[in-house]
Each structure stands twice: as C-alpha cells, then as structure tokens.
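Asker: structure here, sequence nowhere to be found:
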C-alpha cells in the first residue's frame, strides 16, 4: 500500500517531469498523510491545432477518494489506495478508472515492515537514482448536498516485486514517462488498453532505507525523518530510553 509519501523536489522539476505548465511555488513536503491536499497531473482539454500548450494540467485533490455517488464521506472508508487488479470493476473506482486517470508526483514513499510482535520498522523508499517518480492515480469530483464540490483522489497499488516483498506485499504503481500520455488518455484508451502498465516496477528501481519511528507522527514534517537509522541502533536507543527513571520500562505516578 501507500499511506504516506514525500514530494521534496522543486516545482520546476515536477513541471518538467510531468509536462505541465509552470507550477506555483510550494515547499518540500516530507511526510504527506491522507486527507491532505496532494498534487496530480491530469489530462487537459483537447489541444488546438498549432497550439504549443501542454495537454496536461495540475490539479490539487484531497487524498482520500470519494465516489461521485456517495451520499456522505462519513458512510465511506478512507480510500487512499485502489487495487489496480480490481479497480476497473469496483463500484467505487470503475468510473474514474475509465474517465479520470492521473499521475501523482513523488520523491519517495514510506512503508512499515512487521515482524512478529516487534514494533513495525519504517522504511523510506525512493528511486535509486533520485529525482521524481509518478504513481498511477485516480481522481473524482464529489458534490456535497449544499452544492459545493471537492476533488478527491487515490493512488493505485499492485503486488510487490520480489525485492520489495520482504518489506510489504503491496507497492504503488509507477508510470514511466514514455507511458504518461497513454495512461492519461481516457478518451481513446480504455482500462483494458492500459492494463499492461499496472505492473510492479522492476527490482533495483527503488532503494529502501531504514529510518526512525519519527515518521509515525504526522506532526513530524522535517527532512530529518528521512535519515537512515539502522534497526539495531533504533532498538538500542529505545531500550535505553525505557531503562531511564520514569521511562517506559517502569511504572510511575509522576
């Protein structure tokens, strides 16, 4: 799955990578959680003959997909991810998979490896060569009963490749630049025509870096949460903290 990610590259780099017009300035974001606004690239209106304008445009959406037919978000689970294997048939995502596919720029994402009863070990997963990557996304406009509208979105996931499966069994779908146009072309490309793109990225594309549990708190938004912390060192630090007077390893009234 993909429950947190980063976008810590410049707006110019994002615009150039996705083929967008100049983007408004935005700060680096090191710990993007669900329900916050996220950036997507979507297909723009048909390009006029002789126009040099990009045929893609930027869109800010709430990370948490709400189907257009939903009466209230309170009646829906928080749909931050969509399984690529079934999105074209699921009632929640079927229309968006056919008509509203998108690209989600990211510089990396987080995943947690669970082993028995131990606390989950977080990893920062980023392109081995750095830079920005595009996840496959879906978007939908939901209309509130009062008439206002909100754009919402989800990230598509697929089964993990052999390398990443040691951490988690799911991973985001990566769309390569040479396939951007085909993925976003919902006028001519049906879901079955782009199904071949919904595969796990090849081993070696990402690198997974063990980090501290600072990332677990959405309030921690600085670049320090991306620093490498080997699991053994983190366990030793936690044990030392618990052994202190009043630490987590002792009962105390104060």
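Answerer: Alright, I've got the coordinates. It should be emphasised that the depicted structure is a prediction, and the values quoted were computed from it without experimental measurement.

Asker: residue ranges in this structure under the pLDDT threshold?
Answerer: 46-54, 232-254 (pLDDT under 70).

Asker: now do the strands in it.
Answerer: Counting by DSSP state E, one finds strands in the chain at the ranges 5-7, 29-32, 37-43, 56-63, 81-83, 101-106, 108-113, 121-127, 133-143, 149-159, 170-172, 206-210.

Asker: wait, residue 12 touches residue 25, no?
Answerer: No. Under the criterion of C-beta atoms under 8 Å, residue 12 makes no contact with residue 25, lying 9.6 Å away. In this view, the C-beta of every residue, glycine as well, is placed from N, C-alpha and C.

Asker: gap between residue 219 and residue 26?
Answerer: 19 Å (C-beta to C-beta, to the nearest Å).

Asker: of the two, who's got more company?
Answerer: residue 26 (13 against 7; other C-beta atoms under 10 Å).

Asker: could you find the closest non-adjacent residue to the more buried one?
Answerer: residue 11 (5.9 Å; C-beta to C-beta, 6 or more residues apart in numbering).

Asker: I'd say that neighbour and residue 28 touch.
Answerer: No. Residue 11 lies out of contact with residue 28 (C-beta under 8 Å); the separation is 10.2 Å.

Asker: quick one: which of these two has more around it?
Answerer: Neighbour totals were compared for residue 11 and residue 28, and residue 11 leads with 18 against 13 (other C-beta under 10 Å).

Asker: contacting residues for the more buried one?
Answerer: Residue 11 makes contact with 22, 23, 24, 25, 26 under the criterion C-beta atoms under 8 Å, 6 or more residues apart in numbering.

Asker: now do the contacts for the residue nearest to residue 115 when sequence neighbours are not counted.
Answerer: Closest residue to residue 115 apart from its sequence neighbours, by C-beta to C-beta, 6+ apart: residue 121 at 7.4 Å. Residues near residue 121 by C-beta under 8 Å, 6+ apart: 112, 113, 115, 210, 231, 234.

Asker: so what's the fourth one bridging to?
Answerer: This points to residue 210. residue 123 (DSSP bridges).

Asker: which positions within stretch 100-110 qualify as buried?
Answerer: For stretch 100-110, a neighbour-count test (16 or more other C-beta atoms under 10 Å) marks 100, 101, 102, 103, 104, 105, 106, 107, 108, 109, 110 as buried.

Asker: and of the residues you listed, the nearest to residue 172?
Answerer: residue 109 (6.2 Å; C-beta to C-beta).

Asker: wouldn't residue 36 be in contact with residue 63 here?
Answerer: Yes. At 5.9 Å, residue 36 and residue 63 qualify as touching, with contact defined as C-beta under 8 Å.

Asker: list the contacts of the residue lying closest to residue 8 once chain neighbours are set aside.
Answerer: Nearest non-adjacent residue to residue 8, counting by C-beta to C-beta, 6+ apart: residue 28, 3.9 Å away. By C-beta under 8 Å, 6+ apart, the contact list for residue 28 reads 6, 7, 8, 9, 223.

Asker: of the residues you listed, which is the most crowded?
Answerer: Result: residue 6 is most packed of the contacts of residue 28 (other C-beta under 10 Å), 23 neighbours.

Asker: residue 223 is in contact with that residue, correct?
Answerer: No. Using C-beta under 8 Å, residue 6 makes no contact with residue 223, being 9.2 Å away.
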